[in-house]
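Chemist: Here is a sequence together with a model predicted from it:
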Amino acid sequence: MEWNPETLSFLSQCFLHTLSPAPEPRRRAEASLSGAADNPNYGLAVLRLVAEPSVDEQIRQAAAVNFKNHLRARWAPALADEPNSPALSLIADSEKEQIKALIVPLMLSSTPKIQSQLSEALALIGKHDFPKLWPALLPELVSNLQKASQASDYTCINGILGTANSIFKKFRYQYKTNDLLLDLKYCLDNFAAPLLEIFLKTAAMIDSAAGAPAPTVRPLFESQKLCCRIFYSLNFQELPEFFEDHMKEWMTEFRKYLTTNYQVLESSGADGLALVDELRAAVCENINLYMEKNEEEFQGYLNEFALAVWSLLGNVTQSSSRDQLAIVAIKFLTTVSMSVHHTLFAGEGVIPQICQSIVIPNVRLREEDEELFEMNYIEFIRRDMEGSDLDTRRRIACELLKGIATNYKQQVTDIVSSQIQHLLTSFAANPVANWKDKDCAIYLVVSLSTKRAGGTSTDLVDVQSFFASVIVPELKSQDVNGFPMLKAGALKFFTMFRNQIPKDIAVQLFQDLVRFLLAESNTVHSYAGSCIEKLLLVKEVGGIARYTGKDIAPFFRELMTNLFNAFKFPESEENQYIMKCIMRVLGVAEISPEDAGTCVNGLTSILMEICKNPKNPIFNHYLFESVAILVKRACEKDPSLISAFEERLLPCLQFILANDVTEFFPYAFQLLAQLVELNSPPLPPIYMQIFEILLLPDSWKRASNVPALVRLLQAFLQKAPHELNQEGRLSKVLGIFNTLISSPNSAEQGFYVLNTVIESLEYGVIAPYICHIWAALFGQLQNRRAVKFVKSFVIIMSLFAVKHGSTNLVDTMNAVQPNIFPMIVKQFLIPNLKLITGAIEIKLTAVASTRVICESPALLDVTNVELWGKMLDSVVTLLSRPEQDRAEEEPEMPDITENVGYTATFVRLYNAGKKEEDPLKDIKDPREFLVASLARLSSLSPGRYPQIISQYLDPANQAALLQLCNTYNRPIV
């Protein structure tokens, strides 16, 4: 695309129309730009348009956004290569060089809105090219920084610092490698000194501008904040020498920002205070980093910073706008409390003062917490119950107490216990007015508890008496809607300490939990569902479930009715906590045919509704798990229910497939597999229609469907073996197998298909195809020696040998290529047998290998004595050594290109899983089978085998084999 007046006019018009409120001209303009983007030099032309002062500012701003997105999609293959997106042409190297030459000066001379877009675009380029492919960038930034500094042009200074902050961020999150450290050294050598220079210059300007108006000092504070963020990035990996040498200059200014009030800016409105707080928060993050990583070098400054942060916290109000500053400041004190300098907290009255002035004020409920509870229950639960509240004042205040308790446990316990009693006394004096005191007490107990193997524990209170006196009254309250935050706190306590609450007490409260499922508060009925679900998971010593179907039988119907009714509350239509509870209850309850019918009706109604617009993947997963466990438990117990279940489920599954609800395809195929397995042959016609669709190559094109399709195909192979041999179906199945094993990502699934074919079909049926199967596998073995693939091949060989005889195994392999069998044994079977894991797999491969060495003429031939001996050595290793001693599996390198970007993924339904079948049920002990077979073989040629064993078996294996012979009284003669 040439830069000329026509290009300028064309692009200007397009970007103007992209701003149109009318959809038609907007779509046309977007389509024109999308087509033009494939032309060489398109990005350069758009950048030149951004630089054109005669063009309207809004058009240039739209062009800057387009330029940034164009770079994101086309600068580098790693950024452009997303699955299921059309292949985009990348920007040519010559165009890249011109863009890199233009972008820095243009960004620095642009208006703020355009500058921010170009700064992001520059960071995108830097992420891929800096520093190796863009060595001119840092010198250019430093040169411009020095010029802007001389002119005190803070618009330009902050543009440069913002860009540097973006490109240096990689030092915070990338893994420490030599390459990364070389890049860091290059950045330090070029930027550390100019950074300190501008930081000190700006600090002096702030000091001298004490009475200046807010608009004058705002850019100065913005600059210092960016300097602090860059400081964090450059110091993150390790303490650089330059920063160690100049620590005093940095720390002097850092301390000043924590201890000085900047009245002009702080009183200029919320934005002014927020900017000062952001600078202070950045300082706190820097000193916390030094406390965590450079404690020894930082210790000279520690006392004054601890005092500064403590004083600062005393002045930080409870306003949510100041949360970030409060959190990072408390985090710094927490780090100090767990360090060797914890004695700062040992002074008389220090811990009580921290509790009074920092912890309790930050743990108490604020209006913002109440709003979140009412307006966004999912986020409230995510923070409160699921532990993502580490960046909230409530949680970080408790983390500070935990930190101090690592060295002063008794003091903290005594003070907090006393505080809890004080809060409860206050509540008792006026429950309506002081309910937040009780909430605070419950929160302290829960948040300061310790999770151990046997459940949650605390030293602050006696759990059972606290439960009885503080929690049970809330749970027994007949008004499920009164004081909902207190109810939620009580339910959370019950959930957290469920292991410590005796069964006889908990069972009496089950029906109260069932009542709370109808509370109007989304959080309360979610917590009630979660509490029931977690109680049903509690195990006694020995792993036996504490609560069984009998315990919930008296109120099972009411429980299920209330669970389904909870979905009728606004915002709870797809409540994942309620659906998870349904899944757990159906896994435990004793379900009558009548109840099963009610439950399947309820679940399929929800399923049909969410098929129209799937939104919540977690809810969806628990819904399908609930269906799967209901099918599994009800139909296996009472096969007469199968047809009624099919009547409800099949229309849902057909709707998913017919309406291309792709997110649900893997689930639908797994449920279909379940239904196929429940039927007795011959399968009803509707299933055979699905079987025909399953055999079409198009069904297998979407990778996320493959595991579920394989699961369904396995079910058909087991239930319809006779139909499989008709109308060319078997050759289609083997075509699918061939396709699957030819890709590293699906080879394992291909082996599952072949396993089922070998296991389900008579030898006469597969005989015409078996040579083609071996040829396909041998071809793959030539190209791929991945451990996983070879292990799967060993298992397939073994399964074939035990199902169809070792003679057929040897003959069919040799039919592909004369005398290939001994080579396969030598190269693949012997070295990899020891890597086999899993009880059924070990038994299968050991028995198959035993049969091969004891029954196969090929290996009993005198020319193959060494092969026979080494094969026996591998079998003994497999059977005599623990898995961890022999199966050192190498981690396989994933094929990165096949996993870039987001794709719909396969999620296995635990309750629709395939039962593992043991193909050798008649053989109980593979060790006994081995020595019995060897004893029988050796009796035919006395004296021959002991000699081979002593020659080719490892001494440890000789001893192990002798011990096995003695154990089972089967000598080898």
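Modeler: Arrived safely, thanks for sending.
Chemist: pull the helix or strand with minimum mean pLDDT from this structure.
Modeler: Every helix and strand of the chain was ranked by mean pLDDT, DSSP states H and E. The lowest is helix 77-80, at a mean of 55.
Chemist: Helices of the stretch 701-850 of the chain, residue ranges please.
Modeler: 706-719, 721-724, 729-741, 747-760, 763-783, 787-804, 806-816, 820-824, 830-832, 839-855 (DSSP state H, counting those that start in this stretch).
Chemist: circling back: the least confident helix or strand of the chain: what's the following helix or strand?
Modeler: Note on helix 77-80: by DSSP states H and E, the next helix or strand toward the C-terminus is helix 93-109.
Chemist: next helix or strand past that next one?
Modeler: Next in line after helix 93-109, if elements are assigned by DSSP H and E, sits helix 112-129.
Chemist: and that following helix, which residues are buried?
Modeler: Judged by neighbour count using 16 or more other C-beta atoms under 10 Å, the buried positions of helix 112-129 are 114-129. All C-beta spots, glycine's among them, are computed from the backbone N, C-alpha and C.
Chemist: where are the low-confidence patches of the protein?
Modeler: Within the chain, the segments meeting pLDDT under 70 span 78-87, 387-390, 453-454, 785, 883-906.
Chemist: follow-up on the earlier one: quick one: the helices of the stretch 701-850 of the chain as TSV, columns for mean neighbour count too.
Modeler: TSV is the format used below for the helices of the stretch 701-850 of the chain (neighbours: other C-beta atoms under 10 Å):
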stretch	mean neighbour count
helix 706-719	24
helix 721-724	16
helix 729-741	19
helix 747-760	21
helix 763-783	16
helix 787-804	21
helix 806-816	19
helix 820-824	19
helix 830-832	17
helix 839-855	22
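Chemist: closest one to residue 503 among those helices?
Modeler: Residue 503 lies closest to helix 839-855 among those, at 34.1 Å (C-beta to C-beta).
Chemist: Closest one of the buried residues of helix 112-129 to residue 317?
Modeler: Nearest member of the buried residues of helix 112-129 to residue 317, counting by C-beta to C-beta, is residue 116, at 30.3 Å.
Chemist: Quick check: closest non-adjacent residue to that closest one.
Modeler: The spatially closest residue to residue 116, leaving aside those adjacent along the chain, is residue 162, at 7.8 Å (C-beta to C-beta, 6 or more residues apart in numbering).
Chemist: what about that neighbour, how many residues close to it?
Modeler: If you count neighbours by other C-beta atoms under 10 Å, residue 162 ends up with 21.
Chemist: Identify the residues contacting it.
Modeler: 116, 119, 226 (C-beta atoms under 8 Å, 6 or more residues apart in numbering).
Chemist: Any chance of those residues in a markdown table with distance to residue 415 as columns?
Modeler: Below are the contacts of residue 162 laid out as a markdown table (distance: C-beta to C-beta, whole Å):
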| residue | distance to residue 415 |
| --- | --- |
| 116 | 48 |
| 119 | 49 |
| 226 | 41 |
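Chemist: what about stretch 120-133, distance to the chain center?
Modeler: Distance of stretch 120-133 from the chain centroid (C-alpha atoms, centre = their mean, to the nearest Å) equals 28 Å.
Chemist: Hmm, I typed the wrong one, I wanted stretch 311-328.
Modeler: With C-alpha atoms, centre = their mean, you get 32 Å for stretch 311-328.
Chemist: which SSE is residue 451 in?
Modeler: Here residue 451 is assigned to strand 450-452, by DSSP H and E.
Chemist: That strand pairs with which strands, parallel or anti?
Modeler: The strands beside strand 450-452 in its sheet (DSSP bridges) come out as strand 455-457 (antiparallel).
Chemist: what does the following helix or strand past the strand it pairs with contact?
Modeler: Where DSSP H and E defines the elements, the next helix or strand beyond strand 455-457 is helix 463-466. The contact list for helix 463-466 (C-beta under 8 Å, 6+ apart) reads 445, 457, 497, 500, 501, 502.
Chemist: Identify each buried residue in helix 463-466, please.
Modeler: For helix 463-466, by 16+ other C-beta under 10 Å, it's 463, 466.
Chemist: try stretch 963-973
Modeler: Buried, per 16+ other C-beta under 10 Å, within stretch 963-973: 964, 965, 968, 970, 972.
Chemist: got TSV for those residues, with distance to residue 187 too?
Modeler: What follows is these, written out as TSV (distance: C-beta to C-beta, whole Å):
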residue	distance to residue 187
964	64
965	69
968	69
970	72
972	70
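Chemist: What is the nearest of those to residue 646?
Modeler: Distances from residue 646 to the buried residues of stretch 963-973, taken by C-beta to C-beta, are shortest for residue 968, at 49.8 Å.
Chemist: And the next helix or strand past the helix or strand encompassing residue 485?
Modeler: Here residue 485 sits within helix 484-496, counting by DSSP H and E. Counting by DSSP H and E, the element after helix 484-496 in chain order, helix or strand, is helix 503-516.
Chemist: So which elements touch that following helix?
Modeler: Under the contact definition 3 or more C-beta pairs under 8 Å, 6 or more residues apart in numbering; DSSP states H and E, helix 503-516 sits against helix 472-476, helix 484-496, helix 522-535, helix 549-552, helix 556-566.
Chemist: Quick one: work out the angle between that helix and helix 522-535.
Modeler: 150 degrees (axes from the mean of the first three to the mean of the last three C-alpha atoms, to 10 degrees).
Chemist: mind starting the numbering at 5 from now?
Modeler: Done: numbering now begins at 5, and the last item shifts to helix 507-520.
Chemist: In helix 507-520, which residues are buried?
Modeler: 510, 511, 513, 514, 516, 517, 518, 519, 520.
Chemist: Tell me how far the fourth one lies from residue 524.
Modeler: When C-beta to C-beta, to the nearest Å is applied, the distance between residue 514 and residue 524 equals 21 Å.
Chemist: same thing with residue 196?
Modeler: 59 Å.
Chemist: quick one: which of the two has more around it?
Modeler: residue 196 (20 against 12).
Chemist: Pretty sure the more buried one sits against residue 246.
Modeler: Yes: counting by C-beta atoms under 8 Å, residue 196 does reach residue 246; the two are 4.3 Å apart.
Chemist: Any idea how many residues pack against residue 612?
Modeler: 14.
Chemist: Isn't it up against residue 659?
Modeler: Yes: with contacts counted by C-beta under 8 Å, residue 612 reaches residue 659, the gap being 6.8 Å.
Chemist: thinking again about what came up before, pick the one among the contacts of residue 166 closest to residue 219.
Modeler: Among the contacts of residue 166, and counting by C-beta to C-beta, the member closest to residue 219 is residue 230, at 18.1 Å.
Chemist: Residue 873: which element?
Modeler: Per DSSP H and E: helix 869-884 holds residue 873.
Chemist: Now that helix: buried residues?
Modeler: Buried residues in helix 869-884, counting neighbours by 16+ other C-beta under 10 Å, are found at 869, 871-884.
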